[in-house]
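*Asks:* coordinates only, sequence not included:
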C-alpha cells in the first residue's frame, strides 16, 4: 500500500495547482469545506498526483513523499513538528 507523508518540518500540504487537480479528478466542484489536509493519505488520486507532479505538488511548507508499506499493516501517521513517518498501530495507555 502506498501512503503520502510530509518529510519536512512545517506540515503536510498540497500546492494550489495540486489541490485543483485533486478536485477535478475526484469530482469535487464547489465544496467550501474541502481542505487538502483532510484527504486520506492512501487516496489513489493523491498518490497519483504526488508521483506525477513531484515538487509541483508540494505545499508551501511541505516536501511530500510516497512510502510503500505492506498491505496487511494497520498504520498511522506520526509526526514531530510537521515532519511525518508511517508507524504501525499499537496500543498505548497514559
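*Replies:* Done, it's in. These figures come from a predicted structure and were not determined experimentally.

*Asks:* what ranges of the chain fall below the confidence cut-off?
*Replies:* The model of the chain has no residue with pLDDT under 70.

*Asks:* Which secondary structure elements does the helix or strand hosting residue 4 sit against?
*Replies:* Secondary-structure assignment from DSSP states H and E places residue 4 in strand 2-6. Applying 3 or more CB pairs under 8 Å, 6 or more residues apart in numbering; DSSP states H and E, one finds that strand 2-6 contacts helix 44-53, strand 64-68, strand 75-80, strand 83-88. Placement of C-beta: from N, CA and C, glycine included.

*Asks:* Now do that strand against strand 64-68, angle only.
*Replies:* Here strand 2-6 runs at 150 degrees with respect to strand 64-68, directions being taken by axes from the mean of the first three to the mean of the last three CA atoms, to 10 degrees.

*Asks:* how close does the residue lying closest to residue 45 once chain neighbours are set aside get to residue 93?
*Replies:* In this structure, residue 45 finds its nearest non-sequential neighbour in residue 25, 4.9 Å apart by CB to CB, 6 or more residues apart in numbering. Distance check for residue 25 against residue 93: by CB to CB, to the nearest Å, it reads 41 Å.
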